[in-house]
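Student: Could you look at this predicted model? Sequence included:
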Amino acid sequence: MTAQVMDAGMRTAVPPAGEARRVFVIDDDDIMLVSCRRILEKAGYEVETFSHGAEGIRRIPEAPPQLLLVDLKMPELDGLQVIERVREIDEDVVIAVITGYATISTAVDAMKAGAYDFLPKPFTPDELRLIVNRGCERWRLAMESKRLRREKEEAERRFVTFVSHQLKSPLVAAKQYLDVLLYTHKGELSPRTSEWLVRAQVRLGEMLNLIQDWLALARIERGTVCDRTATTDLPGIVRQAVDAVAPQAEAAGVTVEVEIAPSLPLLGGDEASLATIVTNLVSNAVKYNRVGGRVTIRAAAEGTMALLEVVDTGIGIPDQAIPHLFEEFYRVRTDQTRHIAGTGLGLAICKRIAHDLGGSIEVASRVGEGTRFAVRIPLAATAAGGGVRA
Amino acid sequence: MSEPKSVLIIDDDPDFVHAVGELLASSGYQVSTASNGREGLDLAKRLQPDLILLDVMMSERTEGFFTLEQIRDVPALAETPVIVISSIYSDHPVFKVSPEAGWLPASLFLPKPVDPARLIAESARLIAASAATGAHVPQAGSSGR
């Protein structure tokens, strides 16, 4: 929503090209500090030296360096502890450890703790410059790829917003005219005019739904929609979905039944994402049903998962269509589905959400008998370690 | 209703304004329109309408949200019912804004395109409620200012 703020944040994260390369050296040996400073300053680096780990760590947030050289063997805070603390406050700074031959195995530990390189003592000025150059280059590349990643995300986000507004505005305006016209002039239009306007209204509505679904999918794929840490009460969502689909169900002569285990714990996942799954499946079950048909929505705990089933007594799905069912824009094309409106994205969205929430979706169907969708979503983890009461 | 009630529509899409303006006029409302937030705020101060319809995504992206805050900052408009009409509610599953959410001092949110019957019914309801209490029921979101 706030593009300007994000842009500003991005710029501060990456210093302008040509900024001085800053290096911190932490070592309890003063001679070491002096020689490192001399060698590196001559090579064009801005150097700060510290004989205690704590001093160096304090200084990092004030003037973050690209590279930190730290001696592993120091009396108070040793090198490993310094690395761990630095990693907590600055994930970007590249760390190289200085170590005596005897402590090569500690150097390995240091690498594991987040150090990038190590410099065995004693070292020559060339070896020091090599390590420092390599470390600073590493920092630059990391920053560069971070920046590119953010730019790409931002461009995608802007694109989605742009598409949303630019594609939808004309459709919204056109449909709004028809909606108002059909409402205000209901009795005055000839049957033919009225019918054609309604057709146009319906088609525009379908186009808007398509854009909406496509945008929803784009957002889900960017990972900004599904929230595993949220918790949701399934019965409430099912009730809303059933209410929403009631007019269509009644018109189609389809009865909708709900059987939810009263003990069903909360589900892990945000309400909007879970509602999208339930709404899509229930609406499909009504749409692809038959007069006098039935839709049954069942939910119960199954181990650490909630199993949600949406079963219909509808037209069923041909075997050859099943493998493609969850593909984007795929629609089952038969004589029976020809007149049923749909975007071909609903199930792709359901699958994506189910996966993002750590669950799954599957389908079984028999032509002429009906279809059963089974969705598994992890139950919310509770303090009692629960969710497991099945 | 003895004298005609007035509605101000703030939206940058002239066709949307035209269609919804005609709808409200045909239901007996006196309609004024503004095509951006600034113009809308000025007009709202001057006309003190009985109801405001407000779009969100105008030229300045989320302009409508800021316009709404500015409207609420005007004492004479602090209690005027505002219906936010936007397509962002229909295409953003997570962007679930409702008056109960409490952070936007709107009276009601409706998806765009708006259902004519619903808009007419809600407009009448909100205006009647605000006239009856002498004040529109303040939302949780507006209490902090």
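Tutor: Here it is on my side, so go on.

Student: use CA for all of it now, contacts and neighbours both
Tutor: OK.

Student: Grab the longest helix from the chain for me.
Tutor: Defaulting to chain A. Looking across chain A with DSSP state H, the single longest helix is helix A:125-184.

Student: my bad, the chain I had in mind was chain B
Tutor: helix B:116-133.

Student: avg pLDDT for it?
Tutor: For helix B:116-133, mean pLDDT rounds to 91.

Student: Contacts for that helix next, please.
Tutor: A:179-180, A:183, B:23-24, B:27, B:50-51, B:79-81, B:107, B:135-137 (Cα atoms under 8 Å, 6 or more residues apart in numbering or on different chains).

Student: can you rerun that using 10 Å?
Tutor: A:176, A:179-184, B:1, B:5-7, B:19-20, B:23-24, B:27, B:29, B:50-53, B:79-83, B:85, B:107-108, B:110, B:134-137 (Cα atoms under 10 Å, 6 or more residues apart in numbering or on different chains).

Student: For it, C-alpha coordinates in PDB please.
Tutor: This file holds the C-alpha atoms of helix B:116-133, laid out as PDB (Å, rounded to 0.1, in the frame of the first residue of the first chain):
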ATOM      1  CA  PRO B 116     -28.400  -0.900  -6.900                       C
ATOM      2  CA  ALA B 117     -31.100  -2.300  -4.600                       C
ATOM      3  CA  ARG B 118     -28.500  -2.700  -1.800                       C
ATOM      4  CA  LEU B 119     -27.200   0.800  -2.300                       C
ATOM      5  CA  ILE B 120     -30.600   2.400  -2.200                       C
ATOM      6  CA  ALA B 121     -31.600   0.400   0.900                       C
ATOM      7  CA  GLU B 122     -28.400   1.100   2.800                       C
ATOM      8  CA  SER B 123     -28.500   4.800   1.900                       C
ATOM      9  CA  ALA B 124     -32.000   5.200   3.200                       C
ATOM     10  CA  ARG B 125     -31.100   3.200   6.400                       C
ATOM     11  CA  LEU B 126     -27.900   5.200   7.100                       C
ATOM     12  CA  ILE B 127     -29.500   8.600   6.600                       C
ATOM     13  CA  ALA B 128     -32.500   7.600   8.700                       C
ATOM     14  CA  ALA B 129     -30.300   6.300  11.500                       C
ATOM     15  CA  SER B 130     -28.100   9.400  11.500                       C
ATOM     16  CA  ALA B 131     -31.200  11.700  11.500                       C
ATOM     17  CA  ALA B 132     -32.900   9.700  14.300                       C
ATOM     18  CA  THR B 133     -30.000   9.800  16.700                       C
END
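
Student: Give me the neighbour count for residue 51.
Tutor: I went with chain A, as the question did not name one. Number of residues near A:Ser51 (other Cα atoms under 10 Å in any protein chain shown) recorded here: 18.

Student: actually chain B
Tutor: Per other Cα under 10 Å, the neighbour tally for B:Leu51 reads 25.

Student: Who are the contact partners of it?
Tutor: With contact set as Cα under 10 Å, 6+ apart, B:Leu51 has these partners: B:5-9, B:29, B:31, B:44, B:77, B:79-83, B:123-124, B:126-127, B:130.

Student: For chain B, spot the helix or strand the model is least confident about on average.
Tutor: The weakest-scoring helix or strand in chain B, judged by mean pLDDT, DSSP states H and E, is helix B:88-91 (a mean of 56).

Student: Give the buried residues for the longest helix of chain B.
Tutor: For helix B:116-133, burial by neighbour count (16 or more other Cα atoms under 10 Å in any protein chain shown) applies to B:Pro116, B:Leu119, B:Ser123, B:Ala124, B:Leu126, B:Ile127, B:Ser130.

Student: Check stretch A:53-72 too.
Tutor: For stretch A:53-72, burial by neighbour count (16+ other Cα under 10 Å) applies to A:53-54, A:56-57, A:60, A:64-72.

Student: mind listing the strands for the stretch 201-350 of chain A?
Tutor: With DSSP state E, counting those that start in this stretch as the criterion, the stretch 201-350 of chain A has strands at A:231-232, A:255-260, A:267-268, A:294-302, A:305-312.

Student: the strands in chain B, which residues?
Tutor: Along chain B, the stretches classed as strands by DSSP state E are B:6-10, B:30-34, B:51-54, B:82-86, B:108-111.

Student: How far off centre is the third one?
Tutor: What it means is strand B:51-54. 2 Å (Cα atoms, centre = their mean, to the nearest Å).

Student: One more: stretch A:319-336?
Tutor: 27 Å.

Student: For B:Leu23, which non-adjacent residue is spatially closest?
Tutor: A:Val180 (6.1 Å; Cα to Cα, 6 or more residues apart in numbering or on different chains).

Student: Distance of the one you found relative to B:Val56?
Tutor: Here the criterion is Cα to Cα, to the nearest Å. By it, A:Val180 lies 21 Å from B:Val56.

Student: And for A:Val97?
Tutor: From A:Val97 to B:Val56 the distance is 54 Å (Cα to Cα).

Student: hang on, the earlier thing: out of the buried residues of stretch A:53-72, who's nearest chain B?
Tutor: A:Pro64 (35.7 Å; Cα to the nearest Cα).

Student: need the contact list for that closest one.
Tutor: A:Arg22, A:Val23, A:Phe24, A:Ile57, A:Asp90, A:Asp92, A:Val93.

Student: In strands, which of those appear?
Tutor: Among these, the ones falling in strands (DSSP E) are A:Arg22, A:Val23, A:Phe24.

Student: For residue 103, give me the pLDDT.
Tutor: Unless you meant another one, I'm taking chain A. A:Thr103 is given a pLDDT of 65.

Student: was after chain B, sorry
Tutor: The model reports B:Trp103 with a pLDDT of 53.

Student: Now A:Phe50: closest residue in space that isn't a chain neighbour?
Tutor: A:Ile26 (4.8 Å).

Student: swap in A:Gly79?
Tutor: A:Leu72 (3.8 Å).

Student: Looks like the one you found contacts A:Gln81 (just checking).
Tutor: Yes - between A:Leu72 and A:Gln81 there is a contact at 9.0 Å, judged by Cα atoms under 10 Å.

Student: okay, and for chain B, where does confidence drop off?
Tutor: For chain B, the stretches with pLDDT under 70 are B:1-2, B:58-62, B:88-105, B:134-145.

Student: phi, psi of A:Pro120?
Tutor: Phi and psi for A:Pro120, reported as degrees, to the nearest 10, are phi -80, psi 140.

Student: Please report the distance of it from chain B.
Tutor: In this view, A:Pro120 and chain B are 53 Å apart by Cα to the nearest Cα, to the nearest Å.

Student: Check that residue and give its pLDDT.
Tutor: Predicted confidence (pLDDT) for A:Pro120: 85.

Student: That one - how many residues pack around it?
Tutor: Using other Cα under 10 Å, the number of residues around A:Pro120 comes to 18.

Student: now the closest residue to it other than its chain neighbours: how far from B:Leu47?
Tutor: Leaving out its chain neighbours, the residue that sits closest to A:Pro120 by Cα to Cα, 6+ apart is A:Thr99, at 4.9 Å. Distance from A:Thr99 to B:Leu47, counting by Cα to Cα: 78 Å.

Student: neighbour count winner among the two?
Tutor: Per other Cα under 10 Å, whichever of A:Thr99 and B:Leu47 has more neighbours is A:Thr99, with 22 against 13.

Student: That one belongs to a strand, doesn't it?
Tutor: Yes - counting by DSSP: H, G, I helix; E, B strand; the rest coil, one finds A:Thr99 located in a strand.

Student: Contact partners for it?
Tutor: A:70-73, A:79, A:105-107, A:118-123.
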